[in-house]
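Peer 1: Everything below, folded, please.
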Amino acid sequence: MTAYRMYSRAQPGRFAISLVHGKTQQETYPLFAMQHYLAKSEPKLVSQFIYTRRGQSWMARHAREFDVVHGLQGFHSTVVPCLEAEKHGVPAVVKFALHGVELAEKPGIRGLLKATRRRALVAQLSGVIAISQDIVDELLGYGIPEERIARIPNGVDTTAFAPLADDAARAALRRELGWNDRPTIIFVGAISGRKRSHLLVEALGLLRREGIDCQLVLAGPEQDTAYSNAMRQRAKTLDIVDRVIWAGFSPHVSPIYRAGDLFALPSSSEGLPNAMLEAMASGLPAVGTRISGIVDLIAPGRTGELVEAEPASIASALRGFMTDLPRCRTTGAAAREFILKGYSVEAVLDAHERLFRAVMAGRPAAEAGMG
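Peer 2: Model (predicted):
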């Protein structure tokens, strides 16, 4: 979806794009000149083996029909077909979006797909896209040549994600969404252990105990019922049930950001969180843990605050904003300006085109990076 949103902003005729995929229910989009289903792509090892072999075979037959191949993940099932394209003289670039995951050693049977072997394969690609500085450093540590790494982040549609004009409009939107009009913390993402949204519930409980009146909106699918139920029970114990809004999944989250005052993400692992990009583009300051991607986006004291993954640290950062809404506005404005300068979807799209043209001409991928 990140790639789709990016390419959708291109003027007609700028690219001719074909999608080769492994999703049985993939919708058909006019954006793509062609869509081809290879085989079901799912975590099972057998499925990954079949998908990889079919991808390699398909690429051997069709690579010369294209100028460049853009792989959207750094796993074996993408890297091998991309290298097949290279064998036929077509440059390939692969995006790495998960810090410490795609090239890390796997336990158990997945260890058969040796990460050390895949690292050697990745080093042969014409280009590698790293969406965060931590991923750049990780790739360098694995021996990927620096000249083949392009630092290009995810981009965000700064028109679709933009702030409201004033507090009156924000209050009206909250009423429309069925929320109370009080200082509001936004979380957008899967309700899961990796995202650690339970820490926000704990932090909200600490604020409530201090008499700070604010609310937390959790917008996202509940992937782990036991985890969600434990959060609900904890909210009840902390006497903040009426301060936690379970908004569920929505394909249109822009109004949720606009109705909030601050965005918080205490995740344990990210590449570069799209939700934080969207929130900051919407004029919200960001509070997040010190992990890959988040540290690229949050300049403490300017665009938000970095916190430790424990309730007291998070509550301290939230307190500084929830008791000073003008600070939310000024920090949120700085956050949006930061996104406009380096993370707009237009800037990211331009960087991808520079990358494609560089590798097609045999030049280093690194020259297309965004710093």
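Peer 1: Only C-alpha atoms from now on, for both contacts and neighbour counts.
Peer 2: OK.
Peer 1: Which stretches in this structure count as strands?
Peer 2: In the chain, the segments counted as strands under DSSP state E are 17-21, 32-37, 69-71, 92-96, 127-130, 149-151, 184-188, 215-219, 244-246, 262-265, 286-289, 304-307.
Peer 1: wait, which of those is closest to A230?
Peer 2: Nearest of those to A230, taken as C-alpha to C-alpha: strand 244-246 at 13.4 Å.
Peer 1: thinking again about what came up before, and among the strands of the chain, the most buried is which?
Peer 2: strand 127-130 (a mean of 29; mean count of other C-alpha atoms under 10 Å).
Peer 1: Look through this protein and report the residue furthest from the middle.
Peer 2: G211 (34.4 Å; C-alpha atoms, centre = their mean).
Peer 1: Just the pLDDT at that one, thanks.
Peer 2: Note for G211: predicted pLDDT of 96.
Peer 1: Equivalent analysis for K106, please.
Peer 2: On the pLDDT scale, K106 gets 62.
Peer 1: returning to that earlier point: need the strands of the chain in a markdown table (columns: distance to T52).
Peer 2: Formatted as a markdown table, these follow (distance: least, C-alpha to C-alpha, whole Å):
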| stretch | distance to T52 |
| --- | --- |
| strand 17-21 | 11 |
| strand 32-37 | 13 |
| strand 69-71 | 13 |
| strand 92-96 | 15 |
| strand 127-130 | 19 |
| strand 149-151 | 24 |
| strand 184-188 | 33 |
| strand 215-219 | 35 |
| strand 244-246 | 39 |
| strand 262-265 | 34 |
| strand 286-289 | 35 |
| strand 304-307 | 39 |
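Peer 1: Out of these, which gets nearest to S77?
Peer 2: strand 69-71 (9.8 Å).
Peer 1: Sheet-wise, list the partners of that closest one with their directions.
Peer 2: strand 92-96 (parallel) (DSSP bridges).
Peer 1: hang on, the earlier thing: what residues does the residue farthest from the centre of the chain make contact with?
Peer 2: Under the criterion of C-alpha atoms under 8 Å, 6 or more residues apart in numbering, G211 has no neighbours.
Peer 1: I'd like the distance between it and M322.
Peer 2: From G211 across to M322, the span is 11 Å (C-alpha to C-alpha, to the nearest Å).
Peer 1: try L349
Peer 2: Distance of L349 to M322, given as C-alpha to C-alpha: 36 Å.
Peer 1: In terms of pLDDT, where does the residue lying closest to A365 once chain neighbours are set aside sit?
Peer 2: In space, and not counting its chain neighbours, A365 is closest to R148: 4.8 Å by C-alpha to C-alpha, 6 or more residues apart in numbering. In this model, R148 is scored at 97, pLDDT.
Peer 1: I109 too?
Peer 2: For I109, pLDDT reads 48.
Peer 1: A281 versus Y29, what's the distance?
Peer 2: Noted for Y29: a distance of 26 Å to A281, by C-alpha to C-alpha.
Peer 1: typo on my end, P12
Peer 2: From P12 to A281 the distance is 25 Å (C-alpha to C-alpha).
Peer 1: cool, and A203?
Peer 2: In this view, A203 and A281 are 25 Å apart by C-alpha to C-alpha.
Peer 1: For these two, indicate the residue with more neighbours.
Peer 2: A281 (32 against 21; other C-alpha atoms under 10 Å).
Peer 1: quick one, helices of this structure?
Peer 2: Counting by DSSP state H, the segments of the chain that form helices are 2-8, 45-62, 76-87, 115-122, 133-141, 167-177, 198-209, 225-237, 254-258, 274-281, 294-297, 311-322, 325-342, 345-360.
Peer 1: Return the fifth one as CSV; C-alpha atoms alone will do.
Peer 2: Coordinates of each C-alpha in helix 133-141 appear next as CSV, following Å, rounded to 0.1, in the frame of the first residue of the first chain:
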residue,chain,number,x,y,z
GLN,A,133,19.0,5.4,9.3
ASP,A,134,19.1,2.3,11.6
ILE,A,135,18.3,0.1,8.6
VAL,A,136,21.2,1.8,6.7
ASP,A,137,23.5,1.0,9.6
GLU,A,138,22.2,-2.5,9.8
LEU,A,139,22.8,-3.1,6.1
LEU,A,140,26.4,-1.7,6.3
GLY,A,141,27.0,-4.0,9.2
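Peer 1: okay, now the domains of this protein?
Peer 2: Per the record, the chain has its domains at 2-155+345-368, 167-342, by automatic domain parsing.
Peer 1: Would you mind measuring the gap between the ends of the first one?
Peer 2: The one in question is domain 2-155+345-368. One end of domain 2-155+345-368 to the other measures 19 Å (C-alpha to C-alpha).
Peer 1: now do stretch 55-75
Peer 2: Note: stretch 55-75 ends 13 Å apart using C-alpha to C-alpha.
Peer 1: Show me which residues of that stretch are buried.
Peer 2: 55-56, 58-60, 63, 68-75 (16 or more other C-alpha atoms under 10 Å).
Peer 1: what's the answer for stretch 36-52, then?
Peer 2: Buried-residue list, stretch 36-52, by 16+ other C-alpha under 10 Å: 37-39, 41, 48, 50-52.
Peer 1: closest to T331 among these?
Peer 2: S41 (41.8 Å).
Peer 1: surely the closest one meets Q26?
Peer 2: No. With contact defined as C-alpha atoms under 8 Å, S41 does not count as touching Q26 (11.6 Å).
Peer 1: Now N154: closest residue in space that isn't a chain neighbour?
Peer 2: I131 (6.3 Å).
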